[in-house]
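Asks: sequence and predicted model, in that order:
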2 protein chains.
Amino acid sequence: MKISLMHGAGGEVMGEVIDLFLKISNTNAGGIGLESLDDGAVIPIGNKQLVFTTDSHVVRPLFFPGGDIGRISVCGTINDVAMMGGKPIALSCGLILEEGFEFDDLSRIIDSMDKALSEENVSLVTGDTKVLEKGALDKIAINTAGIGVADTIIRDNGLMPGDNIIVSGTLGDHGFAVLASREEFDFADQIISDVAPLSGMVQSVLKIGKINAMKDPTRGGFASAINEMAKKSGVMVRIHEEEVPIRSSVRAASQLLGIDPLEVANEGKVVMGVPAEDTEAVLKALRSHRYGRDAAIIGTVTKGKGVIMETTAGGERFIETPIGDPVPRVC
Amino acid sequence: MKISLMHGAGGEVMGEVIDLFLKISNTNAGGIGLESLDDGAVIPIGNKQLVFTTDSHVVRPLFFPGGDIGRISVCGTINDVAMMGGKPIALSCGLILEEGFEFDDLSRIIDSMDKALSEENVSLVTGDTKVLEKGALDKIAINTAGIGVADTIIRDNGLMPGDNIIVSGTLGDHGFAVLASREEFDFADQIISDVAPLSGMVQSVLKIGKINAMKDPTRGGFASAINEMAKKSGVMVRIHEEEVPIRSSVRAASQLLGIDPLEVANEGKVVMGVPAEDTEAVLKALRSHRYGRDAAIIGTVTKGKGVIMETTAGGERFIETPIGDPVPRVC
Ligand SMILES: Nc1ncnc2c1ncn2[C@@H]1O[C@H](COP(=O)(O)OP(=O)(O)OP(=O)(O)O)[C@@H](O)[C@H]1O
Ligand SMILES: Nc1ncnc2c1ncn2[C@@H]1O[C@H](COP(=O)(O)OP(=O)(O)OP(=O)(O)O)[C@@H](O)[C@H]1O
Ligand SMILES: [Mg+2]
Ligand SMILES: [Mg+2]
Ligand SMILES: [Mg+2]
Ligand SMILES: [Mg+2]
Ligand SMILES: [Mg+2]
Ligand SMILES: [Mg+2]
């Protein structure tokens, strides 16, 4: 068998690769390990809960409306730390460059990493640089790993019947921004990626309300994230289509291209399951943050299984886990 | 300016890239940061000293005598944690694959990671997988980041006049193993890479003696590591050529190819500066370990600067920091 693009699309086929890693003898260092397949791992260090996570980034183009590979490589890892309830502290950076890459572009990318790091007061403390001969890599790949400390660990499997499902803003922006910039479509208004670091916002929410489960809807989009959350939690989720915030430009692009905005990556959004009594406070806290202004309650958790969309037209359909990502190299 | 292979060779040219990272606002999270350019960073977490480091691996061929890219990607990071005095606990794995990569090869590589992890009882707790379209990457790149805890932090800048310089075994094995397997030279006996995880050995040494400075002589080899240690410590180092352990097969290959075995990568060796009074105990502890059987005292530290080789012929010459690595994609 050969590796296909689907093995990197964040969906079920990727599971074949992850299964190989799950055979490794030690996948848990005493907290939450690889077998949980959550946004990151948790490891007890002294009396602290350390969150540890990593993502590699290979997005194309390198610079897109609203961000670039530098910003995404910092935000992706900060957000996975944040999704576990962690306050991120430090990142590593494993840089792989193709011979001939423009030094000035690298400089811009690192500036952009700096800005994203500074927003959340996270340090870049260690790294590695490899250069491959021309033709051996398409320009650049950036891995970051991140550590943080969690006072309260939040899982993706903690949804409870009665919870409300909250998203922190409009869905589909990143995927369509990347697609649009690639294809040079001419949309009414330009689609801007939402790539942003969310740990400040998430930490402020954690101070005022309870979050039962949380995940960032990256590859595979909201459809993938909510299905994973529902399945791991052993619950059903009902989504109200009319409440789902989607920009009109994204909706237009989605209709033109026949791609579901719920199936493409977001890079600055969080999906939360929040107990009914905490919902208003959480929503208010999210909306008071620059990255949560469009936060909305979009559904509820019940007993059962699967994710159902109650459509604007009054019908019902399942929201399924997408098989692959409709936008390759989206992050 | 364009990125050249030299920017990834671990020498001074790489400094141009690292300088970009050093401009980042936050490069230190309260312990040892990026600015120290040591093998890893140190971050206080509660009452513990967390060591955090990363390396990406792009070695060719993927399978070479003595190891493969899986073993090296685990050992490289374990060893950088170990060089800081840390006991490694957990690794992340950022995997980037080319479409069409053989699933069976990936399986072999992950098995090999497992074996190296198990040797040192380190867990693989989190990861990420990306697949690039055919032609966008030469087969596979593996990043690992690692965390560990240090009771005693060891730096690469702590050499003191009076210290002895100890290496834990023969030098140049990895670089020449990779070179030889690539070129299919026909050497008398095959050259085997030394790739090995060293944290167990280093931790056992730390129990019985003092180490003033330590570094793994990877890219740029011993010549690069010892120069960096001497320069950062503000001391001179004198190396006795006749004491330097080099396999006869490596020596033969080095003469044939005109490549200095002190300038190629090792992946299972450590260079230490040890106070005179601890030298015998440290040497004994090293030699009792499977990865330290050929450990030797090869030099001394004095006041002054630079690294001098007292040659077998009775002369003296400087050991300089190599400008590039004579073996591209050695790790
Ligand atoms: N190469 C790998 N080695 C070990 N674990 C992996 C690897 N690839 C993925 N995983 C694990 O599989 C799970 C899913 O990974 P995935 O990358 O989809 O999560 P994510 O980072 O939250 O999403 P995204 O990468 O889209 O931001 C995670 O728990 C991750 O640790
Ligand atoms: N892309 C990068 N971002 C941040 N720091 C980097 C980067 N590349 C290298 N560094 C830093 O520069 C120093 C030298 O890196 P280098 O990779 O040579 O160290 P090493 O891992 O000990 O050696 P090797 O990679 O050959 O095993 C380290 O302190 C490392 O943290
Ligand atoms: Mg995630
Ligand atoms: Mg992620
Ligand atoms: Mg390195
Ligand atoms: Mg090192
Ligand atoms: Mg290293
Ligand atoms: Mg990931």
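Replies: Ah, there it is. Ligands and ions are numbered 1, 2, ... in the order given.

Asks: which strand or helix spans residue A:297?
Replies: Element membership for residue A:297, per DSSP states H and E: strand A:296-302.

Asks: so what does the following helix or strand past that strand touch, helix or strand wise?
Replies: With elements assigned by DSSP H and E, the helix or strand that comes after strand A:296-302 is strand A:306-310. Packing partners of strand A:306-310 (3 or more Cβ pairs under 8 Å, 6 or more residues apart in numbering or on different chains; DSSP states H and E): helix A:221-233, strand A:236-240, strand A:316-318. To be clear about C-beta, it is placed using only N, CA and C from the backbone, and glycine gets the same treatment.

Asks: report the distance from the shortest one to the chain centre.
Replies: Taking the mean C-alpha point of strand A:316-318 and that of its whole chain, the gap between them comes to 24 Å (Cα atoms, centre = their mean, to the nearest Å).

Asks: okay, now the sheet partners of it, with direction.
Replies: Strand pairing for strand A:316-318, determined by DSSP bridges: strand A:306-310 (antiparallel).

Asks: alpha carbons of stretch A:317-331, in PDB - could you do that?
Replies: What follows is stretch A:317-331, C-alpha atoms only, in PDB (Å, rounded to 0.1, in the frame of the first residue of the first chain):
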ATOM      1  CA  ARG A 317     -29.800  15.600   7.900                       C
ATOM      2  CA  PHE A 318     -26.700  14.000   9.300                       C
ATOM      3  CA  ILE A 319     -23.400  16.000   9.400                       C
ATOM      4  CA  GLU A 320     -20.900  13.300   8.600                       C
ATOM      5  CA  THR A 321     -17.200  13.100   9.200                       C
ATOM      6  CA  PRO A 322     -15.600  14.200   5.900                       C
ATOM      7  CA  ILE A 323     -13.500  11.500   4.300                       C
ATOM      8  CA  GLY A 324     -10.800  13.800   3.000                       C
ATOM      9  CA  ASP A 325     -10.100  17.500   3.100                       C
ATOM     10  CA  PRO A 326     -11.500  19.300   0.000                       C
ATOM     11  CA  VAL A 327      -8.600  21.700   0.300                       C
ATOM     12  CA  PRO A 328      -5.200  20.000   0.300                       C
ATOM     13  CA  ARG A 329      -2.300  21.800   2.000                       C
ATOM     14  CA  VAL A 330      -4.700  24.000   3.800                       C
ATOM     15  CA  CYS A 331      -2.400  24.200   6.900                       C
END
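
Asks: state the mean pLDDT of it.
Replies: For stretch A:317-331, mean pLDDT rounds to 91.

Asks: with stretch A:237-254 instead?
Replies: Stretch A:237-254 carries an average pLDDT of 96.

Asks: list the buried residues of it.
Replies: A:237-241, A:244-247, A:249-250, A:252-254 (16 or more other Cβ atoms under 10 Å in any protein chain shown).

Asks: now the residue in the stretch 151-300 of chain A that ligand 3 sits nearest to. Nearest residue, chain neighbours left out?
Replies: Residue nearest to ligand 3 within the stretch 151-300 of chain A (Cβ to the ion): residue A:216, separated by 4.4 Å. Sequence neighbours aside, residue A:79 is the residue nearest to residue A:216 in space, at 4.7 Å (criterion: Cβ to Cβ, 6 or more residues apart in numbering or on different chains).

Asks: contacts for the strand holding residue A:297, please.
Replies: A:159-167, A:169, A:230, A:233, A:235-240, A:243-245, A:273, A:279, A:283 (Cβ atoms under 8 Å, 6 or more residues apart in numbering or on different chains).

Asks: how far does it sit from the chain's center?
Replies: With Cα atoms, centre = their mean, you get 19 Å for strand A:296-302.

Asks: note down every partner strand of that strand and its orientation.
Replies: strand A:164-167 (antiparallel), strand A:236-240 (antiparallel).

Asks: next SSE downstream of the shortest one?
Replies: Toward the C-terminus, strand A:164-167 is succeeded by helix A:173-183 as the next helix or strand (DSSP H and E).

Asks: just the angle between that next one and helix A:221-233, please?
Replies: With axes from the mean of the first three to the mean of the last three Cα atoms, to 10 degrees defining the directions, helix A:173-183 sits at 140 degrees from helix A:221-233.

Asks: give me the buried positions along helix A:173-183.
Replies: In helix A:173-183, counting by 16+ other Cβ under 10 Å, buried: A:173, A:174, A:175, A:176, A:177, A:178, A:179, A:180, A:181.

Asks: residues touching the fifth one, list them.
Replies: With Cβ under 8 Å, 6+ apart as the criterion, the residues that contact residue A:177 are A:64, A:65, A:66, A:191, A:192, A:193, A:194.

Asks: distance check, the residue nearest to residue A:33 when sequence neighbours are not counted against ligand 3.
Replies: Take residue A:33 and drop its neighbours on the chain: the residue closest to it by Cβ to Cβ, 6+ apart is residue A:27, 4.6 Å away. Per Cβ to the ion, to the nearest Å, residue A:27 is found 18 Å from ligand 3.

Asks: I'd say residue A:27 and residue B:123 touch.
Replies: Yes - using Cβ atoms under 8 Å, residue A:27 is in contact with residue B:123, at 6.0 Å.

Asks: name the residues contacting each of these two.
Replies: Residues within reach of residue A:27 and of residue B:123 at once, by Cβ under 8 Å, 6+ apart, are A:33, A:34.

Asks: how's chain A carved up into domains?
Replies: Using automatic domain parsing, the domain parsing of chain A gives A:5-150, A:164-318.

Asks: ok, residue A:224 - contacts?
Replies: Taking Cβ under 8 Å, 6+ apart as the test, what residue A:224 contacts is A:10, A:11, A:217, A:263, A:321, A:322.

Asks: cool, and residue A:329?
Replies: Per Cβ under 8 Å, 6+ apart, neighbours of residue A:329: A:58, A:59, A:60, B:132, B:133.

Asks: so among those, which ones count as buried?
Replies: Applying 16+ other Cβ under 10 Å to the contacts of residue A:329 flags A:58, A:59, A:60, B:132 as buried.

Asks: mind checking which of those residues are in strands?
Replies: residue B:132 (DSSP state E).

Asks: now the buried ones among the contacts of residue A:329 in a markdown table, with pLDDT and distance to residue A:288?
Replies: Shown next, in a markdown table, are those (pLDDT from 0 to 100; distance: Cβ to Cβ, whole Å):
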| residue | pLDDT | distance to residue A:288 |
| --- | --- | --- |
| A:58 | 98 | 35 |
| A:59 | 98 | 30 |
| A:60 | 96 | 35 |
| B:132 | 97 | 40 |
